[in-house]
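A.B. asks: Model the following, please.
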Amino acid sequence: KSGISQARSRLSWHVMADLSAEVVRPIATGQTRGAWYQHWRIVSLDGTCFEVADEPANAEAFGYPGVSRGHAACPMLRCVSLLENGTRVLYASQIGPFRVGEVTLAQACVAQLSADSLCLADRGFFGYRLWQAAQETGAQLVWRLKSSNLRQREQDLPDGSYLSTLYPNAKARRANVQGLPVRVIEYRLGEQGDSDPPYRLVTTLLDPEQAPAQELAALYHQRWEIETALGELKTHLKGRHTALRSKTPDLVRQEFYGYLMTYFAIRQVIHEAALHVEREPDRLSFINAVRVLRRKTPASAAISP
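C.D. replies: Numbering: from 1, shown residues only. Model (predicted):
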């Protein structure tokens, strides 16, 4: 055990981060079921936090969440990732201290969107600067707005959506500069009453014939798949009630990227199996895949490198 710890200490966490950036990527092919909307790869943006070992160095590097009295029991590392929805591959992950917000970390994530992507994101990420950065990659966007974030209705469209314009601030709006054209879609879920605020989506897909409002509203709710993927990583792979165990910040970062690449490897296996049986990869059990791979690991260890 001490030998492994010493070996880990000699290996910079930057090596693991670089390796993760190189190998962890979207893997859906044209034959992958459930991965595409028209010709766009469906991806989602979201974040979460990981508890880390309560050591002085970790506390200084990552910080504690605040609670009503004092602080939480463990420091926390914050992570923001993109998810390839069809395969549940988490990629483009960015990590930082708890005090660094999700929107800040998301800047580096959205920079890795591609022109064939359609990105879904919750209302906490919406803002002019992040939207602009994501749009400049050539990706299409469908993000939720806060219920209080009203957009000016500039042109009504046949499917009930309407065109509007985003501005960085009120001054730019008055001068009509730096505007970004968007389309707004408003709807209510079937079980909600009329008194509840509607869902309000904003998208770069301006043509209702190309992407009808009803289809985009249904598509947006696939964003919840990233919650499932993060839960698989944190609960079924790492363990529900266990913090990242490393006692120094560098080893915490190294451990995180180790888990991320392990999760990617499992998702690759699931994707290959799904292609073989012609099913959607997210319909195959992650827990069963982990169990099978754990049973097979001792046999693979006997094979010469």
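
A.B. asks: Go through the helix or strand hosting residue 103 and flag the buried ones.
C.D. replies: Taking DSSP states H and E as the criterion, the element that holds residue 103 is helix 102-110. When burial is assessed from 16 or more other C-beta atoms under 10 Å, helix 102-110 yields the following buried residues: 102, 105-106, 109-110. In this view, the C-beta of every residue, glycine as well, is placed from N, C-alpha and C.

A.B. asks: Name the helix or strand of the chain that has the lowest mean pLDDT.
C.D. replies: Comparing every helix and strand of the chain by mean pLDDT, DSSP states H and E singles out helix 2-10 as the least confident one, with a mean of 69.

A.B. asks: downstream neighbour of it in the secondary structure list?
C.D. replies: For helix 2-10, the succeeding helix or strand toward the C-terminus, using DSSP H and E, is helix 13-23.

A.B. asks: could I get the helix holding residue 103 in PDB with only the CA atoms?
C.D. replies: As requested, C-alpha coordinates have been extracted for helix 102-110 and formatted as PDB (Å, rounded to 0.1, in the frame of the first residue of the first chain):
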ATOM      1  CA  GLU A 102     -20.300  26.300 -12.100                       C
ATOM      2  CA  VAL A 103     -20.600  29.000 -14.700                       C
ATOM      3  CA  THR A 104     -16.900  29.800 -14.400                       C
ATOM      4  CA  LEU A 105     -15.900  26.200 -14.900                       C
ATOM      5  CA  ALA A 106     -18.400  25.800 -17.700                       C
ATOM      6  CA  GLN A 107     -16.500  28.400 -19.900                       C
ATOM      7  CA  ALA A 108     -13.800  25.800 -20.600                       C
ATOM      8  CA  CYS A 109     -16.400  23.000 -21.100                       C
ATOM      9  CA  VAL A 110     -18.400  24.800 -23.700                       C
END
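
A.B. asks: Can you name the residues in contact with that helix?
C.D. replies: Contacts of helix 102-110 with the rest of the structure, by C-beta atoms under 8 Å, 6 or more residues apart in numbering, involve 45, 47, 78-82, 92-96, 119, 124-125, 127, 129-130, 133-134, 137, 139.

A.B. asks: Could you do stretch 256-267 as well?
C.D. replies: By C-beta under 8 Å, 6+ apart, the surrounding residues in contact with stretch 256-267 are 13, 16-17, 19-20, 23-24, 27, 50, 77, 79, 87-91, 93, 95, 232-233, 237-238, 244, 281, 286, 289-290, 293.

A.B. asks: So which of those residues sit within helices?
C.D. replies: Residues of the contacts of stretch 256-267 located in helices (DSSP state H): 13, 16-17, 19-20, 23, 286, 289-290, 293.

A.B. asks: For ChimeraX, what selects the buried ones among these?
C.D. replies: Restricted to buried positions by 16+ other C-beta under 10 Å, the ChimeraX selection for these reads:
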select :13,16,17,20,286,289,290
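
A.B. asks: from the ones in helices among the contacts of stretch 256-267, which is closest to residue 115?
C.D. replies: Within the set of the ones in helices among the contacts of stretch 256-267, residue 23 lies nearest residue 115; the separation is 21.9 Å, counting by C-beta to C-beta.

A.B. asks: which strand in the protein runs the most residues?
C.D. replies: Scanning the chain for the strand with the most residues, using DSSP state E, yields strand 40-51.

A.B. asks: quick check: mean pLDDT across it?
C.D. replies: The average pLDDT within strand 40-51 is 96.

A.B. asks: Alright, I will stop here.
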